[in-house]
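> sequence first, then the predicted structure:
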Number of protein chains: 2
Amino acid sequence: MNCHDAIRLFAKTLRNLEQWLDKAAEHAKVKSFEVDVLAQARLAPDQFGLVGQVQSACDQAKYAAAYLGGKDAPSHPDNEQTIADLKQRIEKCLGFLETVQASDFAAAQDRKVAPPWLGGKWLRGDEYLTHVAVPNFFFHATMAYAILRHNGVDLGKMDYIGSLPTKEG
Amino acid sequence: MNCHDAIRLFAKTLRNLEQWLDKAAEHAKVKSFEVDVLAQARLAPDQFGLVGQVQSACDQAKYAAAYLGGKDAPSHPDNEQTIADLKQRIEKCLGFLETVQASDFAAAQDRKVAPPWLGGKWLRGDEYLTHVAVPNFFFHATMAYAILRHNGVDLGKMDYIGSLPTKEG
């Protein structure tokens, strides 16, 4: 899985996440509650709620594409409040991911990646992908799924995985 | 992230998971409850509990190493009941992962991977890694973390990520 494959996997999973949000809206309709109650749902009081998990999943994908592709990450302020806002945030993120081409990742392996939270230290590009971007992206995507699942939304593993490029013969 | 990097990342995360289980045991001691209550904890009644999530994380790592490395996966029966059992399951899985060498993955990209649940269809090795093994492994690892976090175990993001090969200068 090279950098471009990873970014495409993040984009696929964010599109799956949009479907989970649609399923949340269906669930809310059937159960006659306001879907945006779920935006603040969380699994522990000192953990991000759904809004924060979706924002973080988007940011992990955005920063991975920017750092590894040698681009400036666009600013996406964390001002979402509703499920509809979260879908827009995902779309903004996907729009940026599409601007980064496979060729932009040619030098990714050897880039020095020094996000502010590393306090001046850095990781090689391939290490950032393996040790930070991949586990963190799936952490936040799975937490968003877990929050919805815990609240009764009808999600299953194939909603998480999405389509597979299977072959016959 | 090549196949060997991915398997090493899974192994690192499984070792982190052992630490989460140790933190669960500490939490149970402080709160004076039987730690194995957590083994059956779950986020939704129709979802795997902690035991199933840890078994599944181990199996995703084991089968990825076996399918992509061209090895037979050892049988690890799902008979765990306690937190101590889960730690042993992780150790068994790690033992197998260590037997698969970087050179075993030389042909991984082009292997036909046809797990039983694909019902006769198959994925190319690189597709299996990207579309199945990576997202599924982190799904189950994160669900295990989420179940413990939801039950008050003192876990934070660095427990999830573990050590980073940061550099200075």
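Thanks, I have the structure now.

> tell me the buried residues in stretch A:145-164?
For stretch A:145-164, the neighbour count (16 or more other Cβ atoms under 10 Å in any protein chain shown) marks A:Tyr145, A:Ala146, A:Ile147, A:Leu148, A:Arg149, A:His150, A:Asn151, A:Val153, A:Leu155, A:Asp159, A:Tyr160, A:Ile161 as buried. Every residue, glycine included, has its C-beta placed from N, CA and C.

> and chain B, which of these reach it?
A:Tyr145, A:Ala146, A:Arg149, A:His150, A:Tyr160, A:Ile161 (Cβ under 8 Å from any Cβ of the partner chain).

> just the strands from chain A, written as ranges.
Using DSSP state E, the strands of chain A run over A:112-113, A:123-124.

> dump those strands to a markdown table, plus mean pLDDT, distance to chain B and mean neighbour count.
Output for the strands of chain A, formatted as a markdown table (pLDDT from 0 to 100; distance: least, Cβ to the nearest Cβ, whole Å; neighbours: other Cβ atoms under 10 Å in any protein chain shown):
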| stretch | mean pLDDT | distance to chain B | mean neighbour count |
| --- | --- | --- | --- |
| strand A:112-113 | 96 | 8 | 16 |
| strand A:123-124 | 96 | 6 | 20 |
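
> for the closest residue to A:His131 other than its chain neighbours, give me its contacts.
Closest residue to A:His131 apart from its sequence neighbours, by Cβ to Cβ, 6 or more residues apart in numbering or on different chains: B:Leu164 at 5.4 Å. Contacts here follow Cβ atoms under 8 Å, 6 or more residues apart in numbering or on different chains; on that basis B:Leu164 touches A:Leu118, A:Leu123, A:Glu127, A:His131, A:Val132.

> in helices only, show me the residues you listed.
A:Glu127 (DSSP state H).

> in stretch A:31-39, which residues are buried?
A:Val35, A:Asp36, A:Leu38, A:Ala39.

> do that stretch and chain B meet?
No: shown here: stretch A:31-39 not in contact with chain B (Cβ under 8 Å from any Cβ), separated by at least 14.2 Å.

> any idea how far that stretch is from the chain center?
22 Å (Cα atoms, centre = their mean, to the nearest Å).

> for stretch A:157-169, same thing?
Using Cα atoms, centre = their mean, the offset of stretch A:157-169 from its chain centre is 19 Å.

> any idea where the helices of chain A begin and end?
Using DSSP H, helices in chain A cover A:3-31, A:50-69, A:83-99, A:125-128, A:134-150, A:157-161.

> I'd like these laid out as a markdown table, including mean pLDDT and distance to B:Val54.
A markdown table is the format used below for the helices of chain A (pLDDT from 0 to 100; distance: least, Cβ to Cβ, whole Å):
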| stretch | mean pLDDT | distance to B:Val54 |
| --- | --- | --- |
| helix A:3-31 | 97 | 22 |
| helix A:50-69 | 98 | 22 |
| helix A:83-99 | 98 | 30 |
| helix A:125-128 | 96 | 26 |
| helix A:134-150 | 98 | 15 |
| helix A:157-161 | 96 | 16 |
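
> can you put the ones you listed in TSV and add distance to B:Asp110?
Putting the helices of chain A into TSV (distance: least, Cβ to Cβ, whole Å) gives the following:
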stretch	distance to B:Asp110
helix A:3-31	15
helix A:50-69	25
helix A:83-99	27
helix A:125-128	22
helix A:134-150	22
helix A:157-161	22
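
> now the most centrally placed residue in chain A: how far from chain B?
Closest residue to the average C-alpha location of chain A: A:Ala57 at 2.9 Å, with Cα atoms, centre = their mean. To chain B, A:Ala57 is 11 Å away according to Cβ to the nearest Cβ, to the nearest Å.
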